[in-house]
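1. Just the structure for this:
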Amino acid sequence: EWAVRISVIVALTLMLLAKICTVAIPITYKNAVDILTEDDNLNQLDNGIDDLGTPTNETVTQYGEQNEYYETLVETGKIVFPLYWILAYGVLKFFSKTFADLRDTVFVRVTQHALRSAALETFRHLHQLSLRFHLHRQTGGVLRAIERGTQGISFLLTFVLFNIGPTLLEI
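-> Below is the predicted model of the structure:
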């Protein structure tokens, strides 16, 4: 039983790590976009274009010439590229999925233990029932009910622990 408790603690820790990564993913994406947007704004101000995109004083106003200007920026290396934020985004995305998959792998032991315990208790109870019960009842129907019950236990354990709990944690 200690192995099951440790598995639950490890699964919850992996779930928490996955949620932290999931919450951090949009933040890294935002920072990367902010850097690109700020760099674009600075370049436009250097070129004489205000925040609304309208040219001020002597600015390049023809569309083709603006494209050449941006191509020159790329060629001269004046554009800031948020490499670290993009790498952080990819790493967080990878670890978010990895932690979630590891959580599911670790939690299989807990689910199987719960199913085995419930099925064993039900099976013992069925063996203690009288012969008359077994002769007058449809045993196949009882076995189907037991199977559905064990699947329900598995679903409830997984759903409550990994869907409802994390949702409340995120809120």
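2. From here on, just use CA atoms for contacts and neighbour counts.
-> Noted.
3. isn't Ser154 right up against His113?
-> No - judged on C-alpha atoms under 8 Å, Ser154 makes no contact with His113 at a distance of 10.0 Å.
4. the more surrounded of those two?
-> Ser154 (18 against 15; other C-alpha atoms under 10 Å).
5. Spit out the contact partners of the more buried one.
-> The contact partners of Ser154, by C-alpha atoms under 8 Å, 6 or more residues apart in numbering, come to Thr111, Ala114, Leu115.
6. Of these - the most surrounded one?
-> Most surrounded of the contacts of Ser154: other C-alpha under 10 Å gives Thr111, at 22 neighbours.
7. ok, that residue - contacts?
-> So Thr111 contacts Ser154, Leu157, Thr158 (C-alpha under 8 Å, 6+ apart).
8. Please identify which helix or strand holds the last one.
-> I take that to be Thr158. Element membership for Thr158 (DSSP states H and E) is helix 139-159.
9. ok so, going back, so which of the contacts of Ser154 would you say is closest to Leu168?
-> Of all the contacts of Ser154, Thr111 has the smallest distance to Leu168: 21.9 Å, by C-alpha to C-alpha.
10. Could I get the phi/psi values of the closest one?
-> Backbone torsions of Thr111, given as degrees, to the nearest 10, read phi -60, psi -50.
11. relative to helix 139-159, how tilted is the strand or helix carrying Leu92?
-> Secondary structure from DSSP H and E places Leu92 in helix 83-128. Counting by axes from the mean of the first three to the mean of the last three C-alpha atoms, to 10 degrees, helix 83-128 lies at 150 degrees to helix 139-159.
12. Report the mean per-residue pLDDT for helix 83-128.
-> For helix 83-128, the mean pLDDT works out to 88.
13. how far is that helix from where the chain is centred?
-> From the chain centre to the centre of helix 83-128 is a distance of 14 Å (C-alpha atoms, centre = their mean, to the nearest Å).
14. Can you name the next helix or strand after that helix?
-> Per DSSP H and E, the first helix or strand lying C-terminal to helix 83-128 is helix 131-136.
15. That following helix - what's its average pLDDT?
-> Rounded mean pLDDT across helix 131-136 is 78.
16. of all the contacts of Thr111, which comes closest to Ala88?
-> For these, the closest approach to Ala88 (C-alpha to C-alpha) belongs to Thr158, at 29.7 Å.
17. related to what we said a few turns ago, of the contacts of Thr111, which is the nearest to Leu126?
-> Ser154 (21.2 Å).
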